[in-house]
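Chemist: Sharing a sequence plus its predicted fold:
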Amino acid sequence: MDSFTPPSPCKEKVGKVSDLINRFQGSSPGSPNDLKKDVQSGSPSPRNPARSLINSHQPKLLSDHPILQRQRTDSVKVNCAAEPASDAGLQPANGLVTSQPAGSTEASARTAKPLMDNRPPDGEQEAAVSQAASTTGRAAVAGLNAVSRPCEKQGEATEVQTQTALEAKKIRNGEIQTSENELTAEKKETNEEKLFKIANELLLTERAFVNKLHLLDQVFCAKLLEEANSKGSFPAEVVTKIFSNISSIYAFHSQFLLPELETRMNLWNTTPQIGDILQKLAPFLKMYGEYVKNFEKAMALLKTWMGRSPQFKAIVEEIQKQEICGSLTIQHHMLEPVQRIPRYELLLKDYLKKLPEDSLDRKDAEKSLEIISTAATHSNAAIRMVEKMKKLIDVYEMLGGEEEDIVNPSNELIKEGQIQKLAARNTSSQERYLFLLNNMLLYCVPKFSLVFTRYSVRTKIGIEGMKVIETHNKDYPNTFQVSGKERTLELQASSDQDKEEWIKALKYTIHDFNQKNETFRSAIAKEGEDHGPQVSTAELGMRAPRWIRDNEVTLCMKCKEPFNALTRRRHHCRACGCVVCWKCSDYKATLAYDSNKPNKVCKDCYIIITGQTDSEEKDEKRKKGILEIDAAEVSENCIICNFLQYLEKPAKPWQKVWCVIPKNEGLVLYMYGAPQDVKALATIPLLGYTIEDNPRGVDAPHVFRLKQSRFVHTFAADSDDHKQQWLKIISMAARGDTPTDNDDFSSDEASTS
């Protein structure tokens, strides 16, 4: 029996319905014109005599069928719902919408009942239903229509829904196992995809990592070595110490590990495993130990030579501007090798979680993880330091790269955030940003930038001696005060919680700083106990101390300033053995154990040994300059003193000066600006000078000139008598004869009030 796809009931043509009815009734199709007339007239009479005969003997209505009563409401949804249900004159029948009178409903039902009774035998219908159950959606509906008599749309919907229920029952009774098998297969495929994704991620990250290694080895290191070897702008050893064994690491990854991974991923369909590759090559990852151990030293060297050598800095900054750097500093790229080993460990752990227990790759993967985990433990401390350095580098970049001393292995970022600063002179507040480090507080102002957040450091406040005070201001809540040696700030937090966090962080940092300094001093004392008794206060200078080694300290043990190779080098106090800077060792004291010879000592030892303070010692120790003699002091004990006019050069004007020749220095002429000055303007050693009386070219009375080689000094007295006195005394001094009181003149005679 041929099946067909049911057309839309609202658009089915009259001829198709007529053919379908005649196919099941065995009669010839009626004329389409007759059908059209029946439809237009709304006649309830059957379309052939046989149906009319049956209807006359069938009192039971089709509308009374239990299935139709149960499905009457649902049939409206299944049928063409586009027609208005409220129109009583429209009744669906066999896919057609016919216009019927209101009283023709019962007749239509009587007409439809014989159609339901003329069903095929039960065996044929069951076979047709079984065949329809194995098909889907539209085929099932077509099979049902093929074995059922045409009827009203309600009957068709009922048969379709009944068949759907049978299919659902079969699924519940026996076919659900098939769905479970399909889900299990899907789950296995998803797990395999995850393994592939992990392996592919390992390959992609390895390629990116090799590019980073190429940048470090073939660009940064190569360019710096080329400059060092060709021009000698800086030592080549510095470059090799900074980059350590990066060339070996780059060669291993680019020539061995990456090619192996690429080959395996191309053959993944036949060989889906990576454990064997990692097991074979993982032992070579131990070479990272040298790079990780050298990392802290490399950062310190990099910072030193960036500040010391303009050529070094220019090369690094030029490379950093290139697109290959991705707007990151060299420090960022040097962090990559340190972070790579833990990355392998994480990926391999994830790979093992997805790997089935019976996989051939499991044993190799587990052994690889064991080797890589061992290598990763060697860099745990370096990883923590790297994270700390990363934060410092971020701060360094936020400050525009102007504060190079921030990127220091001994520094640590404690807290950062926005804050309001209350003005000291008025009630205004300004937006500021704070970076709290373990040894300083950076007070910054926002800097205009279109791309990145930038700040400019306004003040650095040292943690040493810092105090934090919580203040209470009704007009400005959540305020506190930070007082340091460099500056005092009154700050306002955004909330009470933010204020508490800042106060807590500042107090913790101050406490930790002081505790570390105390521990540092205690450690030095303990170190001394371990190496024998140190020199006691009473024995300072009496017994030679044990010197602290240079590599045991990085800060001056007195002022706590960091050492460097140029401006703050290491010195040892000969009395206590401490390592101090040049400022703290600018003292000398005689030491008994060194035959009472003067030795360099620190300030503390100097005060103990000599009993003098710093200012007293320097006042006594410092020699006065040759000009630092009071005019009043020498005038009281002089051979001659008086005002003279002095002409330094012919083009300059005359200058009135107070001239004195002391008795204890009879061969030197002192010139002062006034009789009470504490320092002379100039001195003239008179020995060897020649004297010219009334020299040519000088238009002034009572003039005389002193000449020696290229030195010329011209004077003019206020009278001729005074000039003659000066000439006699200067003539004796020029010959090497020191004037005395036994001569014809004295200070009283020569001086004029």
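Modeler: In hand now; what should we look at? Numbers count the residues shown, from 1 in each chain.

Chemist: Neighbours of Tyr291, how many?
Modeler: For Tyr291, the count of nearby residues is 21 (other Cβ atoms under 10 Å). (Glycine included, C-beta is placed from N, CA and C.)

Chemist: Check the one 3 residues further on too.
Modeler: Counted with other Cβ under 10 Å, the neighbours of Asn294 add up to 18.

Chemist: Excluding chain neighbours, what is closest to it?
Modeler: Leaving aside its sequence neighbours, Asn294 sits nearest to Ser244 (Cβ to Cβ, 6 or more residues apart in numbering; 4.3 Å).

Chemist: backbone phi and psi for that neighbour, please?
Modeler: The phi and psi values for Ser244, taken as degrees, to the nearest 10, are phi 50, psi -130.

Chemist: so how far is Leu213 from it?
Modeler: Plainly put, Ser244 is 12 Å away from Leu213 if you go by Cβ to Cβ, to the nearest Å.

Chemist: cool, and Phe715?
Modeler: Applying Cβ to Cβ, the value for Phe715 to Leu213 is 80 Å.

Chemist: again, but for Glu357
Modeler: 36 Å.

Chemist: The two: who's more crowded?
Modeler: Leu213 (21 against 5).

Chemist: What residues does the more buried one make contact with?
Modeler: By Cβ atoms under 8 Å, 6 or more residues apart in numbering, the contact list for Leu213 reads Ile246, Ile249, Tyr250, His253, Ser254, Glu336, Pro337.

Chemist: I'd like the mean pLDDT over whichever strand or helix holds it, please.
Modeler: In the assignment (DSSP states H and E), Leu213 maps to helix 176-214. In this model, helix 176-214 has an average pLDDT of 77.

Chemist: what does the helix or strand just after that helix rub up against?
Modeler: Sequence order places helix 222-231 as the next helix or strand after helix 176-214, per DSSP H and E. For helix 222-231, contacts defined as Cβ under 8 Å, 6+ apart pick out Ser233, Phe234, Pro235, Ala236, Val238, Val239, Thr240, Gln311, Phe312, Ile315, Val316, Ile319.

Chemist: got it, and stretch 296-305?
Modeler: Applying Cβ under 8 Å, 6+ apart, the contact partners of stretch 296-305 are 234, 238, 241-244, 312-313, 330-331, 334, 382, 385, 389, 404-405, 407-409, 564-565.

Chemist: so of the residues you listed, which ones are in helices?
Modeler: Val238, Lys241, Ile242, Phe243, Phe312, Lys313, Ile330, Gln331, Met334, Ala382, Met385, Met389 (DSSP state H).

Chemist: Please, a ChimeraX command that selects the buried ones among the residues you listed?
Modeler: Applying 16 or more other Cβ atoms under 10 Å to those, the buried members can be selected in ChimeraX as follows:
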select :238,242,243,312,330,331,334,382,385,389
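
Chemist: my guess is Thr459 meets Glu486, correct?
Modeler: Yes - counting by Cβ atoms under 8 Å, Thr459 sits close enough to Glu486 to count as a contact (6.0 Å).

Chemist: hey, what's in contact with both of these two?
Modeler: Contacts common to Thr459 and Glu486, judged by Cβ under 8 Å, 6+ apart, are absent.

Chemist: Could you give the bridge partners of Ile461?
Modeler: Leu441 (DSSP bridges).

Chemist: Could you check the pLDDT of it?
Modeler: For Ile461, the pLDDT comes out at 88.

Chemist: Can you report how many residues lie near it?
Modeler: Neighbours of Ile461 using other Cβ under 10 Å come to 21.

Chemist: okay, and for this protein, where does confidence drop off?
Modeler: 1-189, 377-384, 386, 424-427, 450-451, 519-536, 552, 613-628, 666, 739-753 (pLDDT under 70).

Chemist: which residues does Met557 contact?
Modeler: Ile524, Ile548, Cys578, Val579, Val580.

Chemist: Just the buried ones from those?
Modeler: By 16+ other Cβ under 10 Å, these give Ile524, Ile548, Cys578, Val579, Val580 as buried.

Chemist: Over to the third one: give its phi and psi.
Modeler: Put plainly, it is Cys578. Torsion angles, degrees, to the nearest 10, at Cys578: phi -70, psi 150.

Chemist: list the contacts for it?
Modeler: Per Cβ under 8 Å, 6+ apart, neighbours of Cys578: Ile524, Ile548, Met557, Lys558, His572, Cys602.

Chemist: Apply 6 Å and report the result again.
Modeler: Contacts of Cys578 were listed using Cβ atoms under 6 Å, 6 or more residues apart in numbering, and they are Ile548, Met557.

Chemist: gap between it and Leu540?
Modeler: Cys578 is 12 Å from Leu540, by Cβ to Cβ.

Chemist: One more: the last one?
Modeler: As for Val580, its distance to Leu540 is 15 Å (criterion: Cβ to Cβ).

Chemist: Same check on the second one?
Modeler: Separation of Ile548 from Leu540 (Cβ to Cβ): 16 Å.

Chemist: partners of Val712 in the sheet?
Modeler: Applying DSSP bridges, one finds that Val712 bridges with Lys707.

Chemist: Just give me the neighbour total for it.
Modeler: 16.

Chemist: go on, the one 3 residues further on?
Modeler: Phe715 is surrounded by 23 other residues when neighbours are defined as other Cβ under 10 Å.

Chemist: Can you pull the phi and psi angles for Asp394?
Modeler: The phi/psi pair for Asp394 (degrees, to the nearest 10) is phi -60, psi -40.

Chemist: nope, Ser483 is what I was after
Modeler: Torsion angles, degrees, to the nearest 10, at Ser483: phi -120, psi 120.

Chemist: To what extent is the nearest residue to it once chain neighbours are set aside buried, counted in neighbours?
Modeler: Excluding its sequence neighbours, the residue lying closest to Ser483 (Cβ to Cβ, 6+ apart) is Lys467, at 4.6 Å. Using other Cβ under 10 Å, Lys467 has 12 neighbouring residues.

Chemist: do you know how far Lys467 is from Asn514?
Modeler: The value you get for Lys467 to Asn514, if Cβ to Cβ is used, is 12 Å.

Chemist: Over to Glu539?
Modeler: Per Cβ to Cβ, Glu539 is found 30 Å from Asn514.

Chemist: Then Leu204?
Modeler: Distance of Leu204 to Asn514, computed by Cβ to Cβ: 49 Å.

Chemist: Tell me which two of the contacts of helix 222-231 sit farthest apart.
Modeler: Pro235 and Ile319 (19.5 Å; Cβ to Cβ).

Chemist: more neighbours, these two?
Modeler: It is Ile319, of Pro235 and Ile319, that has more neighbours when counted by other Cβ under 10 Å, with 17 against 12.

Chemist: ok so, going back, Leu669: which of the contacts of Leu213 is nearest?
Modeler: Ile246 (71.4 Å).

Chemist: need the helices for the stretch 301-450 of the chain, in chain order.
Modeler: For the stretch 301-450 of the chain, applying DSSP state H, counting those that start in this stretch gives helices covering 310-320, 330-354, 362-377, 380-398.

Chemist: Out of those helices, which is closest to Arg264?
Modeler: helix 362-377 (12.2 Å).

Chemist: got the CA positions of that closest one in CSV?
Modeler: Output of helix 362-377 as CSV, limited to C-alpha atoms (Å, rounded to 0.1, in the frame of the first residue of the first chain):
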residue,chain,number,x,y,z
ARG,A,362,50.2,6.6,31.4
LYS,A,363,53.4,5.0,32.7
ASP,A,364,55.6,7.4,30.7
ALA,A,365,53.5,10.4,31.7
GLU,A,366,53.7,9.6,35.4
LYS,A,367,57.5,9.2,35.2
SER,A,368,57.8,12.4,33.3
LEU,A,369,55.7,14.2,35.9
GLU,A,370,58.0,12.9,38.7
ILE,A,371,61.1,14.2,36.9
ILE,A,372,59.6,17.6,36.1
SER,A,373,58.2,18.0,39.7
THR,A,374,61.7,17.4,41.0
ALA,A,375,63.1,20.1,38.7
ALA,A,376,60.3,22.4,39.7
THR,A,377,61.1,22.2,43.4
